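Trainee: Fold the following.
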Amino acid sequence: MFPTLSTALSALTADQTAISVTGNNLANLNTTGFKAGTVQFSDLMSQMIGAGPGTQVGMGVGQVQTTSQYTQGSTTSTGAPLDAAIQGNGFFVVNDPSTNQQLYTRDGAFQLDAQGDLETATGQLVQGWSAVGGVVNSNGPVSNITVPVGSVIPGTATANMSATINLNSQSPVGTNFSAPIQIYDSLGQAHTATITFTQAGAGSWNYAVNLPDSDFTTPQGGVPLTSGTLQFDGAGNLISPAASSGPVPISISGLADGANTLNVNWNLFDPNGNQFITQYAEASGTSNPQQDGSAAGQVSNVALANGGSVVATYSNGAQVTVGQLALASIANPQSLVSVGDNNLQVSAASAAPAIGAPNSGGLGQVMAGSLESSTVDIATEFTQLIALQQAYQANSKIVTTVDQLAQSTIALIQA
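Mentor: Take a look at the predicted model:
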């Protein structure tokens, strides 16, 4: 009688544990990167009273083991610039600043704090590699990924400029047409270089390049930075200077802001020898002005790219890779222990984590602007919950029956 009661009580305990796991799964139905827990019941063996020495008798379900199934969850596009999902094997590596403990998670809902540290929604610091001197070295040890949110990148002096220009072949002699192109000096200051074309005769145009006098320490008084003549053939093609002559050099010194001498190449042809300037019987016009300089810039946006690169966009349009997410591979992830906030830590049974860049060494890929959904299936969990409820009721009935038999036995003794 008492072994039967013990069996039923152990089964009730196991059922309670399994119900708790199912309840936890349902509670995390919408938790990013959550891996559903599963239960596995096993027989509890015990020596029955009255049996011979060493005799083992099965006493039914008496204990339950819980594990998490690390299957791939579906990937949902969020469009958030700092969201990331792992497609395949691995965990994001984070550090808990309160304990300085390294943890692991599949939840890639990241954000930046006021200091520019990349962190999880619950404040753990995301680990990886930050750029040093503009270079990200993913072979070194991981550390906090820090974005230089207050930094300023210097301007870049223009070295090349061009524009697609047509000069109207029907223009009378003496007609002027101007094409402005914005360029930058070594301090990142913008200047407007104006190319003035003057019709000099059939198929011939003179040109002169100027900057405003206010841009110079000493006003130039209208003296051009460079000048020359363009010649076109009867089909409107530029024949002089020829492509083989190279670009027109422009040297600009004595700038009022103290910038270095600016040496700019005005390209009349692209690298394939195609002309930028033509003379057709159409209105004179300019399109697609291009130059390779830039102003100084501050960080205006930070986003993750596919592969886990952290990219900062600056106000001058420059994009710079400032960090790289790390992933960790753990051979037996079922041994990890949940510590809350969607984070896991290694246990004594865990294999040593192997940390590296995404899509290397068997690690999965990082998908930017996405999150991994929970692997909980609501239909499966409710079915499991019904089965566990029935098992709990059945074992409760056994306890009630054993209690009634015990009361009857005591009554017989007392009679």
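
Trainee: what's the domain layout of this structure?
Mentor: Per automatic domain parsing, the structural domains of the chain span 2-71+374-414, 75-152+299-372, 160-291.

Trainee: Out of those, indicate the one that is most buried.
Mentor: Mean neighbour counts were compared across these using mean count of other C-beta atoms under 10 Å; the top stretch is domain 75-152+299-372, at a mean of 18. Glycine gets a C-beta too; all of them are placed from N, C-alpha and C.

Trainee: Pull the contacting residues for Gly134.
Mentor: Val320 (C-beta atoms under 8 Å, 6 or more residues apart in numbering).

Trainee: ok, it to Ala318 distance?
Mentor: Taking C-beta to C-beta, to the nearest Å as the measure, Gly134 falls 11 Å from Ala318.

Trainee: Then Ala411?
Mentor: In this structure, Ala411 and Ala318 are 91 Å apart, going by C-beta to C-beta.

Trainee: JSON lines for the domains of the chain, including mean pLDDT?
Mentor: Output for the domains of the chain, formatted as JSON lines (pLDDT from 0 to 100):
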{"stretch": "domain 2-71+374-414", "mean pLDDT": "68"}
{"stretch": "domain 75-152+299-372", "mean pLDDT": "94"}
{"stretch": "domain 160-291", "mean pLDDT": "97"}
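
Trainee: Longest helix in this structure, please.
Mentor: helix 378-414 (DSSP state H).

Trainee: Now do it: which elements does it pack against?
Mentor: Where contact means 3 or more C-beta pairs under 8 Å, 6 or more residues apart in numbering; DSSP states H and E, helix 378-414 is packed against helix 2-27.

Trainee: Could you rerun that using 10 Å?
Mentor: Here helix 378-414 touches helix 2-27, strand 37-46, strand 57-68, going by 3 or more C-beta pairs under 10 Å, 6 or more residues apart in numbering; DSSP states H and E.

Trainee: partners of Val39 in the sheet?
Mentor: Beta-bridge pairing for Val39 (DSSP bridges): Thr66.

Trainee: go on, Ser77?
Mentor: On the basis of DSSP bridges, Ser77 is bridged to Ser370.

Trainee: need the contact list for it.
Mentor: Asp83, Ala85, Met367, Ala368, Gly369, Ser370, Leu371 (C-beta atoms under 10 Å, 6 or more residues apart in numbering).

Trainee: How about Gln111?
Mentor: Gln111 makes contact with Ala80, Pro81, Leu82, Asp83, Asp117, Leu118, Glu119, Thr120, Ala121, Gly123, Val126, according to C-beta under 10 Å, 6+ apart.

Trainee: Can you flag which of the residues you listed belong to helices?
Mentor: Per DSSP H, the contacts of Gln111 never map to helices.

Trainee: how about these in JSON lines, adding distance to Gln231?
Mentor: Formatted as JSON lines, the contacts of Gln111 follow (distance: C-beta to C-beta, whole Å):
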{"residue": "Ala80", "distance to Gln231": "57"}
{"residue": "Pro81", "distance to Gln231": "52"}
{"residue": "Leu82", "distance to Gln231": "56"}
{"residue": "Asp83", "distance to Gln231": "58"}
{"residue": "Asp117", "distance to Gln231": "61"}
{"residue": "Leu118", "distance to Gln231": "58"}
{"residue": "Glu119", "distance to Gln231": "63"}
{"residue": "Thr120", "distance to Gln231": "66"}
{"residue": "Ala121", "distance to Gln231": "66"}
{"residue": "Gly123", "distance to Gln231": "69"}
{"residue": "Val126", "distance to Gln231": "61"}
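
Trainee: In strands, which of those appear?
Mentor: Counted as lying in strands by DSSP state E, out of the contacts of Gln111, are Leu118, Glu119, Thr120, Val126.

Trainee: wait, which of those is closest to Leu304?
Mentor: The shortest approach to Leu304 among the ones in strands among the contacts of Gln111 belongs to Leu118, at 8.9 Å (C-beta to C-beta).

Trainee: so the closest one sits right up against Leu112, yeah?
Mentor: Yes: contact criterion C-beta atoms under 10 Å: Leu118 and Leu112 qualify, at 6.1 Å.
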